[in-house]
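Trainee: here is a sequence together with a model predicted from it:
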Amino acid sequence: MWYYYSPLGTFTIAPNGAGGYNLWIDTDQLQTYIGPEAAVEAVRLHKTGFKAWDERADVEAPASLSLWIKVK
């Protein structure tokens, strides 16, 4: 799992057991992606489905998965 502590909540990317990765904000599941990098890109581009984040283009997210906090 990977975490990014944003000013609007904690984003989490976690494997979903079906071969994909779910993106969460705090306790709300947002979308499913084929890989964790695709979820990172959605957060970076503000295209997560989480309106409060998606409308805040003034807040930058990490540009790559290596900049997220990894927890096994």
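Mentor: Sure, I can see it.
Trainee: Gly19 and Thr32, how far apart?
Mentor: Counting by Cβ to Cβ, to the nearest Å, the separation of Gly19 from Thr32 is 10 Å. For the C-beta atoms, the positions are set from N, CA and C on the backbone; glycine is no exception.
Trainee: quick one: which of the two has more around it?
Mentor: A count of neighbours by other Cβ atoms under 10 Å puts Thr32 above the other of Gly19 and Thr32, at 14 against 9.
Trainee: so what's the more buried one up against?
Mentor: Contacts for Thr32 (Cβ atoms under 8 Å, 6 or more residues apart in numbering) come out as Asn16, Gly20, Tyr21, Asn22, Leu23.
Trainee: OK, contacts around the second one?
Mentor: Under the criterion of Cβ under 8 Å, 6+ apart, the neighbours of Gly20 are Thr32, Tyr33, Ile34.
Trainee: can you get me a residue count around the residue nearest to Trp68 when sequence neighbours are not counted?
Mentor: Closest residue in space to Trp68, ignoring its immediate chain neighbours: Trp2 at 4.0 Å, by Cβ to Cβ, 6 or more residues apart in numbering. Neighbour count of Trp2, defined by other Cβ under 10 Å: 20.
Trainee: contacts only, for Trp2.
Mentor: Applying Cβ under 8 Å, 6+ apart, the residues contacting Trp2 are Thr12, Ile13, Pro36, Val40, Leu65, Trp68, Ile69, Lys70, Val71.
Trainee: pick out the most distant pair among the residues you listed.
Mentor: For those, the maximum inter-member distance is 15.3 Å, found between Val40 and Val71 (Cβ to Cβ).
Trainee: among the two, which residue is more densely surrounded?
Mentor: A count of neighbours by other Cβ under 10 Å puts Val40 above the other of Val40 and Val71, at 25 against 9.
Trainee: which ones are touching Arg56?
Mentor: The neighbourhood of Arg56, defined by Cβ under 8 Å, 6+ apart, consists of Leu8, His46.
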